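Student: Sharing a sequence plus its predicted fold:
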Amino acid sequence: MSNAHRLLVVDDDPTLRDTLTEQLALSDAFEVVTAETARAAMDRVAAERVDLVVMDVGLPDLDGREAVRQMRQGGFRGPVIMLTGQASDSDTVQGLDAGANDYVTKPFKLAVLLARIRAQLRQYEASEDAVFQIGPYTFRPGAKLLVGERGSKLKLTEKETAILRFLYRAGRQVVGRDTLLAEVWGYNAQVTTHTLETHIYRLRQKIEPNPATASILVTEGGGYKLLP
């Protein structure tokens, strides 16, 4: 499974848009999609999974800050980083009030934007608003919930939520049983791998199309990992 963060870059300057897309896509951690207008960005956020938006203020059809305000009203909870040619305090305040999480002033160094993107994603993943895609499910750890493609809801226990969150963050890496035990239960001598295996069994009963042959939460190399 690719757990790359999906970034939406919104800018009407094709040179900047293409440069950002090319540079960000060099990292396996990111999948980059683009939009030239505020309306296209809002449509994309409403229709697709987007983990973070890099939004220019000066768009041809609508002020980027107003676009962010409308995206927030529409339910988008991911981080938004505004790009602006103006460095005034009032400009920054307007953007933050509209719902942006951070501001980067043009011209900027890519390394600075990259650091801001990673910081915002870390904060978001630790928040109650975080949403992840696991196989056919939308995973909402804050609500301890998996939502199916047709809207069905699977309620998770606290430990099941913690297991899925940690495995998701591991991406394609196999997580050993001892590591998962320590992360989810802490260093508790009374908790054994049998406890973990029981929770994995129950989790598979909930999420797998055929729990006997796991295709989402699989066992591999003495541990577990998530597949598409």
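Tutor: Perfect, thanks for sending it.
Student: phi, psi of the most centrally placed residue in the chain?
Tutor: By Cα atoms, centre = their mean, the mean C-alpha position of the chain lies nearest to residue 51, the distance being 4.2 Å. The phi/psi pair for residue 51 (degrees, to the nearest 10) reads phi -90, psi -30.
Student: What segments of the chain are helices?
Tutor: In the chain, the helices defined using DSSP state H lie at 14-24, 38-47, 64-73, 89-98, 110-125, 158-169, 177-185, 193-207.
Student: list the contacts for residue 192?
Tutor: residue 181 (Cβ atoms under 8 Å, 6 or more residues apart in numbering). In this view, the C-beta of every residue, glycine as well, is placed from N, C-alpha and C.
Student: let's go with 6 Å and repeat that
Tutor: By Cβ atoms under 6 Å, 6 or more residues apart in numbering, the contact set of residue 192 is empty.
Student: So what does it look like in phi/psi?
Tutor: Torsion angles at residue 192 (phi, psi; degrees, to the nearest 10) stand at phi -120, psi 170.
Student: Just the C-alphas of the worst-scoring helix or strand of the chain on mean pLDDT, formatted as CSV.
Tutor: Lowest by mean pLDDT, DSSP states H and E among the helices and strands of the chain is helix 89-98, with a mean of 82. The C-alpha coordinates for helix 89-98 follow below in CSV (Å, rounded to 0.1, in the frame of the first residue of the first chain):
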residue,chain,number,x,y,z
ASP,A,89,0.8,41.1,9.1
SER,A,90,-2.7,42.0,8.0
ASP,A,91,-2.4,39.7,4.9
THR,A,92,-1.2,36.8,7.2
VAL,A,93,-4.0,37.4,9.7
GLN,A,94,-6.7,37.4,6.9
GLY,A,95,-5.4,34.1,5.7
LEU,A,96,-5.3,32.5,9.1
ASP,A,97,-8.7,33.8,9.9
ALA,A,98,-10.0,32.2,6.7
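Student: and it with helix 64-73, angle?
Tutor: Orientation of helix 89-98 against helix 64-73 (axes from the mean of the first three to the mean of the last three Cα atoms, to 10 degrees) gives an angle of 20 degrees.
Student: contacts for helix 89-98?
Tutor: Against helix 89-98 from outside (Cβ under 6 Å, 6+ apart): 65, 68-69, 82, 84, 103.
Student: can you list the domains in the chain?
Tutor: Per the record, the chain has its domains at 5-126, 132-226, by the TED database.
Student: Point out the most buried one among these.
Tutor: Comparing the domains of the chain by mean neighbour count (mean count of other Cβ atoms under 10 Å), domain 5-126 ranks first with a mean of 17.
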